[in-house]
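In: Structure for the following, please:
(one chain, ligands or ions: 1)
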Amino acid sequence: MSERIVVVAAALLDGEGDGARLLAARRSAPPEVAGRWELPGGKVEPGETLQAALVRELREELGVDAETGAPVPGEWPLRPPYVLRVLTARLRPGSAAPRPLEDHDELRWLTPAEIWDVDWLDQDVPAVREVLAVRGVPGP
Ligand SMILES: Nc1nc2c([nH]c(=O)n2[C@H]2C[C@H](O)[C@@H](COP(=O)(O)OP(=O)(O)OP(=O)(O)O)O2)c(=O)[nH]1
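Out: Numbering: from 1, shown residues only. Next comes the predicted model:
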């Protein structure tokens, strides 16, 4: 089957330009990936835009009020039928700080120098590389 299910994840940024920090989230489950780090997000539901799905997932998983920005160009294969897309995002003014409410047991805001300090999921590495490449590009 050629059916694809998109997982949308956030390059959630804090700060401006090349110095902005990126939020990384450590998965608490399932056991195969527990302890590995990812960009927070989740599956897009039928009829939902990428943007709406990401705002919903960030509210559910992190308890934040976020807004989406420019998409990070690219699409990365996960376990079939899933594919990963990434959108830049920011907290809206007045949003709570992110907390690991579900799926995660630790969060870190990484400076550019710290990006590779965490053990990213293998399939996230090319996406994170692309986030670094486009950082500093203004939103839409
Ligand atoms: N959120 C997220 N999931 C990722 C990334 N990389 C990666 O391989 N995945 C995988 C893990 C999961 O198998 C799938 C996303 O599932 P999820 O559990 O986060 O999504 P969800 O909240 O919509 O899940 P569900 O409760 O509806 O099953 O994609 C990533 O960077 N972020």
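
In: Count the residues that sit near P93.
Out: Around P93 there are 7 other residues, counting by other C-beta atoms under 10 Å. The C-beta positions use only the backbone N, C-alpha and C, and glycine is treated the same way.

In: if I look at it, how far off is the ligand?
Out: Per C-beta to the nearest ligand atom, to the nearest Å, P93 is found 25 Å from the ligand.

In: Pick out the residue of the protein closest to the ligand.
Out: Closest contact between the chain and the ligand, by C-beta to the nearest ligand atom, is at G42 (2.9 Å).

In: burial of R27, as a residue count?
Out: For R27, the neighbour count with other C-beta under 10 Å is 20.

In: my bad, V6
Out: By other C-beta under 10 Å, neighbour count at V6 equals 18.

In: Residues contacting the top strand by length along the chain, please?
Out: Identified as the longest strand of the chain according to DSSP state E is strand 66-77. Outside strand 66-77, the residues within contact range by C-beta atoms under 8 Å, 6 or more residues apart in numbering are 10-12, 50-51, 54-55, 58-59, 83-92, 95, 123-124, 126-127, 130-131, 134, 137-140.

In: and G47, that's in a helix?
Out: No. Looking at G47 with DSSP: H, G, I helix; E, B strand; the rest coil, it is coil, so not inside a helix.

In: And it, its phi and psi?
Out: phi 80, psi 0 (degrees, to the nearest 10).

In: out of everything not next to it in sequence, what's closest to G94?
Out: Excluding the flanking residues, the one nearest G94 by C-beta to C-beta, 6 or more residues apart in numbering is D65, at 7.0 Å.

In: what do you get for V86?
Out: Leaving aside its chain neighbours, V86 sits nearest to V72 (4.1 Å; criterion: C-beta to C-beta, 6+ apart).
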